[in-house]
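A.B. asks: here is my input, please return the structure:
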Amino acid sequence: MTSFEENLKISWGKIPTGVAVLTTLENNGDVHGITINSFFSLSIKKPSILVSISKSATSHDLIVNNGIFGLSVLNSEQKKYAEFFSRNNQEKLPDEFKFISLNDGIYVIENSLIQFSCELDFITSVSDHTLFAANVTKVNSNDSSPLVWHKSNFYDL
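C.D. replies: Next comes the predicted model:
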């Protein structure tokens with residue numbers, strides 16, 4: 001019999017979502033990232049975004065301490081980024097991974113579908129996650145196809 005938690009995970013997985021990598025800097029200045037699919041626009045008039053990060057993720061404390069982050073919504077050819085940053089590891093970034101600076105200290109993945117530069121506005125705790133609301137200070141996009149997460153697999157449109 002499927003547990004409630006397993007059923008909930010399967011059920012949420014039936015909703016296709018975009019895939020993004022949130023990036024911030026480590027204390028030594030290296031780019032650190034985490035793959036997420038929990039993000040959405042809060043407001044267009046006051047450009048802002050909301051992301052949800054597990055309190056146990058290394059990225060969590062880096063975001064709190066830095067107060068800034070980049071968000072790269074991945075295109076259909078960037079599955080390797082999603083897979084790499086979904087692992088909780090300390091591996092060296094692959095040489096083929098390319099980042100660009102949108103603002104001082106804010107790096108995003110080169111050629112990603114959408115690139116956001118974000119500055120924290122407020123933080124709130126919800127269970128084992130933290131919701132980070134951030135002001136969007138810069139955004140770039142292109143017309144590539146998005147990478148989508150659906151039923152525990154990556155797809156392109």
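
A.B. asks: and residue 79, its phi and psi?
C.D. replies: Dihedral pair for residue 79: phi -60, psi -30, per degrees, to the nearest 10.

A.B. asks: how about it, what does it touch?
C.D. replies: With contacts defined as CB atoms under 8 Å, 6 or more residues apart in numbering, residue 79 is in contact with 147, 154. Just so you know, the C-beta spots here come from the backbone N, C-alpha and C atoms, and that holds for glycine as well.

A.B. asks: cutoff 10 Å now
C.D. replies: Going by CB atoms under 10 Å, 6 or more residues apart in numbering, residue 79 touches 19, 147, 154, 155, 156.

A.B. asks: what's the offset of stretch 10-20 from the middle of its chain?
C.D. replies: 14 Å (CA atoms, centre = their mean, to the nearest Å).

A.B. asks: repeat that for stretch 131-140.
C.D. replies: Offset of stretch 131-140 from its chain centre (CA atoms, centre = their mean): 12 Å.

A.B. asks: any idea how far apart the tips of stretch 141-156 sit?
C.D. replies: By CA to CA, to the nearest Å, the extent of stretch 141-156 from end to end equals 17 Å.

A.B. asks: and that stretch, which residues are buried?
C.D. replies: Neighbour-count burial for stretch 141-156, counted by 16 or more other CB atoms under 10 Å, picks out 144, 146, 147, 148, 149.

A.B. asks: can you redo those as CSV with secondary structure, distance to residue 103 and pLDDT?
C.D. replies: Formatted as CSV, those follow (DSSP: H, G, I helix; E, B strand; the rest coil; distance: CB to CB, whole Å; pLDDT from 0 to 100):
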residue, secondary structure, distance to residue 103, pLDDT
144, coil, 22, 97
146, strand, 24, 97
147, strand, 24, 97
148, strand, 28, 95
149, strand, 28, 94
